[in-house]
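S.K.: Build me a structure from this.
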Amino acid sequence: MKNTRKIICGVLTLFIMAGFTACGNTEGKTDEKPKAGNYTEGTYTETVKGHNGDLEVEVSFDTEKILSVKVLSHEETAGISDAPIERIPEEIIEAQTLAVDTVAGATVTSNAILAAVEACVVKAGGDAAKLKVKQTGEDKEAKDVELTTDVVVIGGGGAGLVAAASAEEHGAKVIVLEKLAVTGGSTALSGGGISATGTKFQEAEGIKDTKESWMKLWKERQSSSNADGMYPNYEVVDRFMDAAVVTTEWMVDYIKHEYSAIMGFGLDPVRRLHFAYSDATTKGGTTLTKNIENFITGEGVEILTETEATELITDEKGNVTGVIAKGKDGKVTVHAKKVILAAGGFAKSEELLERFVPEAKGTSELSWASAGSTGDGILMAEKLGAAVYEEPWIMGVGIGSKVPGTQALGMDWTRVYVNNKGERFTNEEVHYSIATNRLIEQNGTWLIVDSTEANKDLVASLEAAMPSEEVVKGETFEALAKEMNVPEETFVKSMNTFNEGVRTGNDVMGKSKDYLVSVEKAPYYAIRFYPVTMGTFGGVKTDESFRVVKADGSVIGNLYATGENANKVLYNQVYMSGSAVQFALTSGRIAGQHAAENLK
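M.R.: Residues are numbered from 1 along each chain as shown. Here you go, the predicted structure:
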């Protein structure tokens, strides 16, 4: 009996083991070819979030290595994204690694490409973690460089490129240092329009415009905030307006730039904005800066990208004699007879925002300014005793949210804003720079949206973003107020008052009938909105030739400041359409000419 039991148990054991073995083989079956190396041979794609939207990458492998990396589609900013899209795939293939450096000024795009390639490596069965480890000996040996020139320009944005062009035009040998991987700065990210009055281009189109008209608007706008402000200096504004005409025409006559249109903009209907060509993929600002860059490099101007100026060199008398920079491969020292600061403002530096404009702390994340706008030029000049402008401020470009798919709401005058008290605090039909200032004055702002058919796509984006601290939803105004954590009674009254104004055509805040659209169809949504900047007003003080001065008015020898390194003199707290790029170009032109003509 015992033997029989042993036989039965043995058979059962063999049966169970066979069953486990069969199950194991079934789970291990695959239709894919067996991997015989580092990867499963094939082509894989991955879509990730880039800076502006989806970015799709395709990666091909054989069994041993990565064969190709292609960015198939993206919505990144033309000009800024060019370098990482070209460089990172090449470096991945060349070194067979994911441990490649991101591109200065395009970190988000760089990281998106790397993330997509990493995902494809995983799909191909590769060891992504191993590929991300930098191998010993990969760091390049430092190579220090020493250069000599007549004029060195710090910053390759609009101001710096034009300063280089102007200095070269007047006989100087020029080197431009740009800390990012691409030139253009904040100018490249703009619409590329420059304002001027009474130009030959306006006259050719029969446009009647005068400096007096622009000055009147300038004074009206600047008086809308900071009533006791020290600036603008209207004598300087007057000279700037005259010089702007010269620059606008010089850009065509000398640089061979072209204007595709002369237009008004928003609440500035007068056609004085001279726009560069732009299309769906290329901003007019990028066209503008590329045209200047192509011209000056053709004339022999040397541009060193990924070369960050860190220190100004001075002689025993305090005169500036050059600059020390950190290059891609080591220290770069440039000895020069003249140095022109064109390094942009400080809109991307939370540290300097907190120091200079604490009211705008926290705005760097959504700023449209170049990634290089961290106040470098201002700080270098300040170390030499340069007088820093009083009352610095931000350059407002409107408002924005952190919710994908809501960009169009930024300056849609049909919308309604309320603050954290549940109060509607402004007529939404205002100049974009004033809108930025009004949001800065609030302790938080919400934009209210309903569920009408016109908002169908917007509502889909909001639903996709929920749950989130950035957007909340309610079936009634009372319920929405609770989700927003604002006083319920105040908020309901604000919305009912607004809707009544839509019905009567008489808005209590004075908004035009054309922009009165009711908010009445549930469910309702509230989206957090924030001030959005595109630069800063501030910098160091200069004379008429843009030579940097100290508090006592004495000139720091051989040092100039242009663009956002010296622009506060024109403004109180409100930006004037087309003026920032114009000031960058005009100050660069004047500084470059003066520097070249005074080399001795």
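S.K.: distance of residue 190 from residue 166?
M.R.: 20 Å (CB to CB, to the nearest Å). Every C-beta, even on glycine, is put in place using the N, C-alpha and C of the backbone.
S.K.: scratch that, residue 44 is what I was asking about
M.R.: Taking CB to CB, one finds residue 44 at 50 Å from residue 166.
S.K.: Got phi/psi on residue 581?
M.R.: phi -70, psi -40 (degrees, to the nearest 10).
S.K.: got the contact list for it?
M.R.: Neighbouring residues of residue 581 by CB atoms under 8 Å, 6 or more residues apart in numbering: 158, 187, 190, 192, 193, 194, 285, 288.
S.K.: pretty sure the fifth one contacts residue 272?
M.R.: Read it as residue 193. No: applying CB atoms under 8 Å as the test, residue 193 and residue 272 come out as separate, 9.2 Å apart.
S.K.: Please flag which of the contacts of residue 581 sit within strands.
M.R.: Applying DSSP state E to those, the entries found in strands are residue 194.
S.K.: out of residue 44 and residue 166, which sits in the busier spot?
M.R.: residue 166 (28 against 19; other CB atoms under 10 Å).
S.K.: And the more buried one, which helix or strand is it part of?
M.R.: Per DSSP states H and E, residue 166 falls inside helix 158-169.
S.K.: any idea of the mean pLDDT for that helix?
M.R.: The average pLDDT for helix 158-169 rounds to 98.
S.K.: C-alpha coordinates for that helix, CSV please?
M.R.: These are the backbone C-alpha positions of helix 158-169, laid out as CSV (Å, rounded to 0.1, in the frame of the first residue of the first chain):
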residue,chain,number,x,y,z
GLY,A,158,19.6,92.2,-30.9
ALA,A,159,21.6,94.9,-29.2
GLY,A,160,24.9,92.9,-29.3
LEU,A,161,24.5,91.9,-33.0
VAL,A,162,23.8,95.4,-34.1
ALA,A,163,26.6,96.8,-31.9
ALA,A,164,28.9,94.5,-33.7
ALA,A,165,27.6,95.5,-37.1
SER,A,166,27.9,99.2,-36.3
ALA,A,167,31.5,98.8,-34.9
GLU,A,168,32.5,96.8,-37.9
GLU,A,169,30.9,99.3,-40.3
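S.K.: Residue numbering should commence at 708 henceforth.
M.R.: Understood, numbering begins at 708; the last thing we discussed is helix 865-876.
S.K.: what about that helix, distance to the chain center?
M.R.: 22 Å (CA atoms, centre = their mean, to the nearest Å).
S.K.: same question, stretch 1069-1078
M.R.: With CA atoms, centre = their mean, you get 6 Å for stretch 1069-1078.
S.K.: Just the buried positions in it, please.
M.R.: By neighbour count on 16 or more other CB atoms under 10 Å, the buried set for stretch 1069-1078 is 1070, 1071, 1073, 1074, 1075, 1076, 1077, 1078.
S.K.: Run through who's touching it.
M.R.: For stretch 1069-1078, using CB under 8 Å, 6+ apart, the contacting residues are 811-814, 864, 887, 891-893, 895-896, 1051-1052, 1054-1057, 1060, 1080, 1101, 1104, 1107, 1109, 1237-1243.
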